[in-house]
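1. Structure for this input, please:
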Amino acid sequence: MARNPSATEDLFGETESRSAPSGPVPLAERLRPRELADVVGQDHLVGIKGSLTRMLARGSLASLILWGPPGVGKTTIARLLADRAGLIFTQISAVFSGVADLKRVFEEAARRRRTGARTLLFVDEIHRFNRAQQDGFLPVVEDGTITLVGATTENPSFELNAALLSRCQVLVLRRLDDDALELLLTRAEDAMHLPLALTGAARASLRAMADGDGRAALNMAEQVFAAAPDSPLDELALAGLVARRAALYDRDREEHYNLISALHKSMRGSDPDAALYWLARMLTGGEEPRYIARRLTRFAVEDIGLADPQALTQSIAAWEAYERLGSPEGELAIAQLVLYLASAPKSNAAYRAFGAAKRAAQTTGSLAPPAHILNAPTKLMKDLGYGAGYAYDHDTEDAFSGQNYFPDGMARENFYNPAGRGQEAEVKRRLDHWAKLREQRR
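-> Numbers count the residues shown, from 1 in each chain. Purely as a prediction, here's the structure:
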């Protein structure tokens with residue numbers, strides 16, 4: 001029996017029935033786009049000049065990794081690509097599949113290929129496969145047995161093998177913006193033949209609660225339709241009816257590093273309001289406050305340093321206050337610290353100086369200190385010249401001898417260059433003064 005070249009097959013290669021299911025179909029499924037052009041919020045991929053549009057026009061659909069947050073159309077795009085390219089769509093999930101399942105899928109795809117049909121294998125949550133399982137895709141992708149379309153919410157650079165990435169094109173799907181979510185709500189109203197019973201403010205609140213997830217927006221809209229209120233719901237009534245989608249945050253995944261980077265750079269950029277926002281995002285997402293306190297302490301010595309030596313003291317105090325108070329009360333101490341650090345004068349001179357000193361130490365090896373600054377607790381050491389010629393700085397003019405303290409055979413280095421901001425302005429003045437005295441007393 002001839003196969004439909006764009007049929008859908010399950011894990012074991014059996015063609016799925018296209019007849020309507022017996023139970024009610026969720027609104028999000030009923031509104032699943034039938035054409036690539038109907039996918040919202042991803043014009044850079046499926047628009048007139050989109051990457052996928054051009055790829056299909058050339059007749060050269062490559063293996064792909066679709067990277068983006070939940071509810072933005074990854075599965076839908078994969079299905080529509082199979083339809084447009086005349087490929088049999090086969091779907092598996094890395095959460096529920098193992099090596100044996102992959103082997104069956106590959107064997108079925110190879111058998112199908114011998115009959116002239118080709119397979120698009122969609123792998124949801126592909127990052128859940130371990131390195132060995134990912135390696136299993138290499139030969140069948142390389143020889144064309146399958147066209148692979150993997151979907152992931154995690155950064156492929158961190159989660160996927162370099163060998164697999166080199167054989168696939170990574171396409172980034174964007175979080176749905178407010179206009180895209182509104183378009184989905186309008187489509188839902190058209191499908192239901194009635195308007196959403198929401199005030200304008202509640203409608204905006206629903207879009208915000210969806211947090212860029214189209215599926216979440218449609219699921220919430222479906223709850224509003226099902227409730228069939230007599231009058232439009234306001235924001236408070238909507239919140240009582242539907243649950244806000246939890247903000248995306250995973251403490252051991254990319255979002256963790258994205259948000260701590262945003263917090264760090266906002267403080268470095270002296271923007272206390274933005275810094276406070278990213279702190280709140282992290283705490284709301286469930287980040288461990290002690291981790292934040294540790295990173296803030298690092299910031300105090302890396303990005304402020306001696307421009308405001310109190311920054312380190314404030315950091316330790318806030319950390320200790322959190323340890324004494326716990327959450328949520330202690331989080332206010334961390335918030336206060338974020339405001340202090342973001343508002344403080346900035347200098348990375350100490351950080352740069354230490355890095356330069358470490359590089360010099362690695363280069364110069366085990367050069368000994370000059371003899372005149374060595375202690376001589378024994379007669380033998382005195383006879384060897386230890387401590388000879390040392391000038392006690394407190395006994396000199398200006399309490400500054402100007403002697404050399406670098407190893408013999410190493411030229412003097414200038415590692416620390418104060419930024420001249422905050423208290424480092426005074427430090428810079430003193431160092432410049434001592435540099436002149438040193439030059440005069442050579």
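
2. and the spatially closest residue to Asn404 that is not a sequence neighbour, what is it in contact with?
-> Among residues not flanking Asn404 along the chain, Pro370 sits closest, at 6.2 Å (CB to CB, 6 or more residues apart in numbering). From N, CA and C alone the C-beta is placed, and that goes for glycine too. Shown in contact with Pro370 (CB atoms under 8 Å, 6 or more residues apart in numbering): Asn404, Tyr405, Phe406, Pro407, Asp408.

3. now, which of those residues sits nearest Pro328?
-> When the contacts of Pro370 are ranked by distance to Pro328 (CB to CB), Tyr405 comes first, at 50.3 Å.

4. quick revisit: got a pLDDT number for the residue nearest to Asn404?
-> Note on Pro370: pLDDT of 88.

5. same check, this time on the one 3 residues further on
-> On pLDDT, Ile373 comes in at 84.

6. That one reaches Tyr390, doesn't it?
-> Yes: assessed by CB atoms under 8 Å, Ile373 is found in contact with Tyr390 at 6.1 Å.

7. Can you pull the residues that touch both of those two?
-> Common neighbours of Ile373 and Tyr390 (CB under 8 Å, 6+ apart) are Gln403.

8. on that earlier part again, among the contacts of Pro370, show me the least confident.
-> Among the contacts of Pro370, Tyr405 carries the lowest pLDDT, at 83.

9. Surely Ala243 is in a strand?
-> No: assignment of Ala243 by DSSP: H, G, I helix; E, B strand; the rest coil gives coil, placing it outside any strand.

10. What about it, how many residues nearby?
-> 12 (other CB atoms under 10 Å).

11. mind checking how far it is from Asp211?
-> 12 Å (CB to CB, to the nearest Å).

12. Ok, Arg324 next?
-> Distance, Arg324 to Asp211, by CB to CB: 34 Å.

13. got it, and Pro407?
-> 59 Å.

14. which element is Leu171 on?
-> strand 169-172 (DSSP states H and E).

15. What's the mean pLDDT across the helix or strand that that strand is followed by?
-> Going down the chain from strand 169-172, the next helix or strand is helix 178-192, by DSSP H and E. On average, the pLDDT along helix 178-192 is 95.

16. Please spell out which residues along helix 178-192 are buried.
-> For helix 178-192, the neighbour count (16 or more other CB atoms under 10 Å) marks Ala180, Leu181, Glu182, Leu184, Leu185, Arg187, Ala188 as buried.

17. Kindly report the same for stretch 51-58.
-> Neighbour-count burial for stretch 51-58 [16+ other CB under 10 Å]: Ser51, Leu52, Thr53, Met55, Leu56.
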